[in-house]
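In: Sequence first, predicted coordinates after that:
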Amino acid sequence: LPSASHVGKSAAAATVEQIMMRGRWGKLGAATVRPILANIPRSSIASSPIQHIVMSMNLSTSHFSSTSEDITEANKRYQGSVQIKSTSDGRGYGIFATRDFGPGEPVIESIAVESFDKPHSHSVQVGWKTHIDINLPGRFLNHMCDPNMKVQPNDSNAYDFVALTKIEEGTEVGFDYETTEYELSEPIQCGCGSPKCRKILKGFGHNKDEILKAHGKEVISPYLLSEEG
């Protein structure tokens, strides 16, 4: 998810310095940088010397989680279905349909690559106390207050993303973050542009009635409709 995790200014500065120091020792590996970047607000990266390192490694400063090689690999797997590419309005990466999909048709499958007890800026919640990182291309799905996909739990303890409506080739696909997240790691100011835009996203726990009215229960992650465990 594209909201920034909350890290204190001093902590962010120290982490930036840490990465800069590592950079002087030789070529940085993406595996070293990714877990550190996940805990730094995007604003700290954009306004610091670390940005040129991120760019030189082909890491996205919007999602700072995957190299260009990872994106190329995901696009090959989903060739003729969906494609990761930059959005035209500067929101970073998005996922776009490269063919038509009918309502109810699976669009993207995902697997859990790591699990956490608490949410962070890019995690997806699959249970009351379970948050996961998912693989590409699903990791780059943007939020939509009026989504064209819904989540469907799968056997990998993650979600498949299924078309809610007819999706035409060239359309960006996305889902409503508040249909999976009980409480976001940090509120998101939404810019989806939909007439149904809720403006500020905090999580299902804050906007339950509005989300249920907008989507109905069938679009909500099942754990959110169960008793909190």
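Out: Good, I have the coordinates. Numbering: from 1, shown residues only.
In: How about the secondary structure of Ala74?
Out: helix (DSSP: H, G, I helix; E, B strand; the rest coil).
In: Next up, the contacts around it.
Out: By CB atoms under 8 Å, 6 or more residues apart in numbering, the residues touching Ala74 are 84, 135-137. Placement of C-beta: from N, CA and C, glycine included.
In: And stretch 88-98, end to end?
Out: 16 Å (CA to CA, to the nearest Å).
In: cool, stretch 181-194 as well?
Out: End-to-end distance of stretch 181-194 (CA to CA): 20 Å.
In: Now tell me what touches it from outside.
Out: Contacts of stretch 181-194 (CB under 8 Å, 6+ apart): 1-6, 91, 118-121, 123-125, 128, 142-146, 174, 177-178, 197-206, 224.
In: any idea how far that stretch is from the chain center?
Out: Here stretch 181-194 is found 11 Å from its chain centre; the criterion is CA atoms, centre = their mean, to the nearest Å.
In: Check the secondary structure at the closest residue to Val82 other than its chain neighbours for me.
Out: The shortest distance from Val82 to any non-neighbouring residue, by CB to CB, 6 or more residues apart in numbering, is to Ile95 (5.2 Å). With three-state DSSP as the basis, Ile95 sits in strand.
In: And for Ile95, the neighbour number?
Out: The local packing of Ile95 (other CB atoms under 10 Å) involves 29 other residues.
In: ok now stretch 129-149, how far from the chain's centre?
Out: That offset, for stretch 129-149, works out to 5 Å (CA atoms, centre = their mean).
In: buried ones in that stretch?
Out: 131-149 (16 or more other CB atoms under 10 Å).
In: Show me these that map onto strands.
Out: 131-134, 142-143, 149 (DSSP state E).
In: how about Gly170, what does it touch?
Out: Contacts of Gly170 (CB under 8 Å, 6+ apart): 96-98.
In: Between the residues you listed, which sits nearest Ala214?
Out: Ala97 (22.4 Å; CB to CB).
In: Which residue ranges of the protein form helices?
Out: Per DSSP state H, the chain carries helices over the ranges 9-24, 30-37, 42-46, 50-56, 68-77, 204-215.
In: Identify all contacting residues around the last one.
Out: Applying CB under 8 Å, 6+ apart, the external contacts of helix 204-215 come out as 145-147, 150, 176, 178-183, 196, 198, 201, 220, 224.
In: again, 7 Å this time
Out: Applying CB atoms under 7 Å, 6 or more residues apart in numbering, the external contacts of helix 204-215 come out as 176, 178-179, 181-183, 196, 198, 224.
In: which of those count as buried?
Out: Buried among the contacts of helix 204-215 (16+ other CB under 10 Å): 176, 178-179, 181-182, 198, 224.
In: from those, which is closest to Gln79?
Out: Closest approach to Gln79 among the buried ones among the contacts of helix 204-215 (CB to CB): Asp176, at 27.0 Å.
In: Now for the closest residue to the closest one other than its chain neighbours: which residues touch it?
Out: In this structure, Asp176 finds its nearest non-sequential neighbour in Pro147, 4.6 Å apart by CB to CB, 6+ apart. Residues in contact with Pro147, defined by CB under 7 Å, 6+ apart, are 164, 174-176.
In: So which of the residues you listed are in strands?
Out: Going by DSSP E, the strands hold 174-175 from the contacts of Pro147.
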